[in-house]
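> sequence first, then the predicted structure:
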Amino acid sequence: MSNTGDLKFDHVHVYADSIQPLHEYKALEDVMNRFDAAIGGVSGLIDTASAAAHWRKIEPSAADPSAYKSQNQDLVRQLITGMNWRVIAHCHNPSTTSVLITSNEARGAKFVVTGKSAGGSGPEFAHFSAAAIDRFYAQTKRPGFAVLAFEIGETNSLEAVAAAYQSKHPKLCASPSVLTFPTHADGMCMFEVFAYYKPGSTEPDTGTIIRFIERQSSRGDTPVLPGLLNVPAQYSDLSVPAFSDHWVSNVVDRKQFLQTLEDTLGFTPKVDFNAGVVAAGEAIIESTVTGNTSGFVPVNKLQALPDQSQIYLPINNALSTVGHVHGFLKEIGQGVQHVASRVMDLVRLISTANRIREITGEGLSFLKIPMSYYGFLSAERLAQDAGVTADIAGVAFAELQAASIVSCVGVVAIDSNAEAVRAVLAATAAAAFCDHLVPVILRARYNNIHKLIGDGLPESTYVDIVRNNILIDVQGKDMLCQIFTSNVLQRAAGDEAPFLEFIQRICYEGNDSQGNPIPMRPGCGGFGIRNFLTLFLSIEVNKAMSDLVAARAAQNDAGEAIAKLQIACLTHQLDESNPILTSIADAGTDEADAQIELKHAIAAGNLEAQRAANEKLIQSQARKVAGQEALKDVSARHAAEMKRIRTSAT
């Protein structure tokens, strides 16, 4: 087993259906840079109409933003426009073209995208060959994230990694031995393995590859892969650094993959989401986050953000024959579901990406989250939180619904303001209580996440979080912000396909009793059990919404009714799960704190502190188990209801 603490995230290699010549991507970059300069950076995006006028001057034949679809998009173009990433290297082999695209941070997240093309020259590297694309497509039948690549650190050895695979999992070795490229980058070595075994077999699944790279030079101009030639890149003010955070696989046998990674790399499980905890209607999965143990311990966000040495690999498997993970495995086979990149300011990044798409018709779109995730209002909640009688709250609630400020399911319109609410209530018995009612009504747009975060964020930030469908979770004093794109590399609506995640970890920064900085937790903020469940519920809700649209278009009244029932069931499951998820997250935080306290107490030989820490540990574990059991009950009831809805349609 190798010294896995010294591995680092390196790059993700994508195989695409098609790829454009380098000059076309560079022309698009120039257009985006000119657009940014014309509107004055981020501040210019505030006035969408003005920015759109600038865009039409630059691109008279621009796409119609209202016609944007996430299918059949060029991933490189999406990252250039939506994320303001740039192509920094290129390779044109006899049968393929490849580009390396990244944010304005050389140490950060990197995507190598390869597609078949003709007319190139020079040697054809195996990692850029048409044969490699064909091998991947033979398994997946479609484009995808084909290779997960790690760099070997200074205290590790590529030979040791290779020896571990050759000794314990020889059939997974895609390379017979370590490959050397002495004339590239002052010497570069590579070893590749197949990530998974075929289901129920000892033979390799020849789809996804794990690539290990050892570089002899740490110079800034060192290419990511042999064959790539660096090209100039100019970043706009809209580009922000992004770093790899975690890479997620969907597999048939989760335990087998976990064991393989432990045997060869020494990876160990960090977080488990067990059976029944993550479910969306009838869709049930299990998931484990595994990874290395990095020796790097940051004490502030400027150290934590760019760290690529802490590797996390979440692994999912399906426990039911419905739902996204099952569908992914059935259509695509085992593979990379999504890759997550970490940034400093997620709200700013996604706000900008959404505005760019709305203006240009280019870039990325994001998964729609049920608004009740963020907050909702009822007459009962209004009475309680505003301190008014049930009659007054009932009058106010009914008037707000009649004015469409509150929807039929209690969601408050995101653009509501105090003046509009007061105007609706002015002629009612609730008018005299507006000072109490209005703040509660407006906060209901985000009252669920306000309970998690409190008053630490201004209202404008809360509204931006809701408007941009950003997910929020809290673990102790750490906060996690996440968002998932619509499917990328997707040929047709309804096809299973991978997607991207962007994430922000807001780690607690403080000092201990001696005034020393407190080390930050690895993966601070966790992996968001609340958001994990919301992701899968949202995927299923979005599928049901697509069914609803299709049924309406076909004038299928029965199909429309079924889709509405499914949406209502899944949304109710999320609403009922929210408080339970909060209790599980709190218990997990207390458990982690108790383990640290116990470790310190043992080291100090303090028996009283050991007893207190043990008691805290036992209580927190019991609360976590109780929360998980309660969540399983919620999941089971809603799974039964979804089955009833589904079977009633037949």
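Thanks, I have it. Source: prediction; values computed, not measured.
> contacting residues for residue 31?
Remark: with contacts taken as Cβ atoms under 8 Å, 6 or more residues apart in numbering, residue 31 is in contact with 58, 59. Every C-beta, even on glycine, is put in place using the N, C-alpha and C of the backbone.
> in what helix or strand does it lie?
Here residue 31 is covered by helix 22-39, with elements defined by DSSP states H and E.
> restrict that helix to CA atoms and write it as PDB.
Extracted C-alpha coordinates of helix 22-39, given in PDB (Å, rounded to 0.1, in the frame of the first residue of the first chain):
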ATOM      1  CA  LEU A  22      -8.500  25.600 -31.300                       C
ATOM      2  CA  HIS A  23      -9.000  28.900 -33.200                       C
ATOM      3  CA  GLU A  24     -12.800  28.700 -32.700                       C
ATOM      4  CA  TYR A  25     -12.500  28.400 -28.900                       C
ATOM      5  CA  LYS A  26     -10.000  31.300 -28.900                       C
ATOM      6  CA  ALA A  27     -12.300  33.400 -30.900                       C
ATOM      7  CA  LEU A  28     -15.100  32.800 -28.400                       C
ATOM      8  CA  GLU A  29     -12.700  33.700 -25.600                       C
ATOM      9  CA  ASP A  30     -11.900  37.000 -27.300                       C
ATOM     10  CA  VAL A  31     -15.700  37.700 -27.700                       C
ATOM     11  CA  MET A  32     -16.300  37.000 -24.000                       C
ATOM     12  CA  ASN A  33     -13.400  39.200 -23.000                       C
ATOM     13  CA  ARG A  34     -14.700  42.100 -25.200                       C
ATOM     14  CA  PHE A  35     -18.100  41.600 -23.700                       C
ATOM     15  CA  ASP A  36     -16.800  41.800 -20.200                       C
ATOM     16  CA  ALA A  37     -14.900  44.900 -21.000                       C
ATOM     17  CA  ALA A  38     -17.900  46.500 -22.600                       C
ATOM     18  CA  ILE A  39     -20.200  46.000 -19.600                       C
END
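> what's the average pLDDT for it?
For helix 22-39, the mean pLDDT works out to 92.
> just stretch 207-224 next, same as before
Per-residue pLDDT values across stretch 207-224 average out to 83.
> distance from the chain centre to that stretch, please.
Here the centre of mass of C-alpha atoms in stretch 207-224, compared against the chain's by Cα atoms, centre = their mean, to the nearest Å, lies 24 Å away.
> so what's the residue nearest to residue 470 when sequence neighbours are not counted up against?
Spatially, and ignoring its direct neighbours in sequence, residue 470 is nearest to residue 483 (5.1 Å; Cβ to Cβ, 6 or more residues apart in numbering). For residue 483, the set of contacting residues under the criterion of Cβ under 8 Å, 6+ apart consists of 346, 350, 366, 367, 468, 469, 470, 471, 501, 502, 503.
> next step: those restricted to strands.
In strands, defined here by DSSP state E, the members of the contacts of residue 483 are 471, 501, 502, 503.
> with respect to residue 338, which of the residues you listed is nearest?
Relative to residue 338, the closest of those is residue 501; by Cβ to Cβ it sits at 5.3 Å.
> quick one: the closest residue to the closest one other than its chain neighbours from residue 612, how far?
Leaving aside its sequence neighbours, residue 501 sits nearest to residue 340 (Cβ to Cβ, 6+ apart; 3.8 Å). In this view, residue 340 and residue 612 are 37 Å apart by Cβ to Cβ, to the nearest Å.
> comparing the two, which shows the higher neighbour count?
In this view residue 340 and residue 612 are compared by other Cβ atoms under 10 Å, and residue 340 has more residues nearby, 22 against 15.
> so what touches the helix or strand hosting the more buried one?
For residue 340, the element it lies in under DSSP H and E is strand 335-342. Contacts to strand 335-342, defined as Cβ under 8 Å, 6+ apart, come from residues 12, 103, 108-109, 139-140, 144-146, 148, 207-208, 242-250, 305, 316, 325, 328, 482, 484, 498-505.
> hmm, try it at 6 Å
The set of residues external to strand 335-342 that reach it, using Cβ atoms under 6 Å, 6 or more residues apart in numbering, is 12, 109, 144-145, 207-208, 242-243, 245-250, 498-499, 501-503.
> surely residue 366 touches residue 488?
No. Using Cβ atoms under 6 Å, residue 366 and residue 488 do not qualify as a contacting pair, with a distance of 11.3 Å.
> more neighbours: the two, which one.
For residue 366 versus residue 488, neighbours defined as other Cβ under 10 Å are more numerous around residue 488 (25 against 21).
> who's in contact with the more buried one?
Each residue near residue 488 by Cβ under 6 Å, 6+ apart is listed here: 75, 499.
> tell me the pLDDT at it?
98.
> how near is the residue positioned nearest the centre of the chain to residue 283?
Taking Cα atoms, centre = their mean as the criterion, residue 501 is the residue nearest the geometric centre of the chain, at 2.7 Å. Applying Cβ to Cβ, the value for residue 501 to residue 283 is 19 Å.
> then residue 510?
Residue 510 is 40 Å from residue 283, by Cβ to Cβ.
> who's more crowded, the two?
When residue 510 is set against residue 283 and neighbours are counted by other Cβ under 10 Å, the residue ahead is residue 283, at 26 against 10.
> look up the closest residue to the more buried one, ignoring the ones flanking it.
Leaving out its chain neighbours, the residue that sits closest to residue 283 by Cβ to Cβ, 6+ apart is residue 323, at 2.2 Å.
> now residue 56
Taking Cβ to Cβ, 6+ apart as the measure, residue 56 lies nearest to residue 62, with 6.2 Å between them; neighbours along the chain are not counted.
> number of nearby residues for that neighbour?
Counted with other Cβ under 10 Å, the neighbours of residue 62 add up to 16.
> surely it is within a helix?
No. If the criterion is DSSP: H, G, I helix; E, B strand; the rest coil, then residue 62 is coil and not within a helix.
> ok, how many other residues are close to residue 36?
When neighbours are defined as other Cβ under 10 Å, residue 36 has 22 of them.
> which residues does the closest residue to it other than its chain neighbours contact?
Nearest-residue entry for residue 36: residue 236, 3.9 Å, with adjacent residues in sequence omitted and distances by Cβ to Cβ, 6+ apart. Residue 236 makes contacts with 33, 36, 84, as judged by Cβ under 6 Å, 6+ apart.
> okay, the second one and residue 360: tell me how far apart.
This points to residue 36. Distance, residue 36 to residue 360, by Cβ to Cβ: 12 Å.
> do the last one as well
Computed as Cβ to Cβ, the residue 84 to residue 360 distance reads 12 Å.
> same check, this time on residue 558
Counting by Cβ to Cβ, the gap from residue 558 to residue 360 is 40 Å.
> biggest separation within the ones in strands among the contacts of residue 483, which pair?
Across the ones in strands among the contacts of residue 483, no pair lies farther apart than 471 and 502, at 10.7 Å, counting by Cβ to Cβ.
> what's the burial count for residue 591?
Counted by other Cβ under 10 Å, the residues lying close to residue 591 total 18.
> now do the SS call for it.
For residue 591, the assignment made with three-state DSSP gives helix.
> same question for residue 617.
Reducing the assignment at residue 617 to three states with three-state DSSP gives helix.
> right, and it touches residue 594 too?
Yes. Using Cβ under 6 Å, residue 617 is in contact with residue 594, at 3.9 Å.
> got a list of what residue 551 touches?
Contacts were defined as Cβ under 6 Å, 6+ apart; by that measure residue 551 touches 559, 560, 563.
> helix or strand: which one has the first one?
Assigned by DSSP H and E, residue 559 belongs to helix 557-604.
> what's the nearest residue to residue 272 if we skip its chain neighbours?
Taking Cβ to Cβ, 6+ apart, and ignoring the residues beside it in sequence, residue 272 has residue 288 as its nearest neighbour in space, at 5.1 Å.
> what do you get for residue 7?
For residue 7, the spatially nearest residue (Cβ to Cβ, 6+ apart) is residue 150, at 4.8 Å.
> okay, the one you found: pLDDT?
Residue 150 is assigned 97 on the pLDDT scale.
> next structured bit after the helix or strand harbouring it?
Following DSSP H and E, the helix or strand that holds residue 150 is strand 144-152. Once the chain leaves strand 144-152, the next helix or strand it forms, by DSSP H and E, is helix 158-168.
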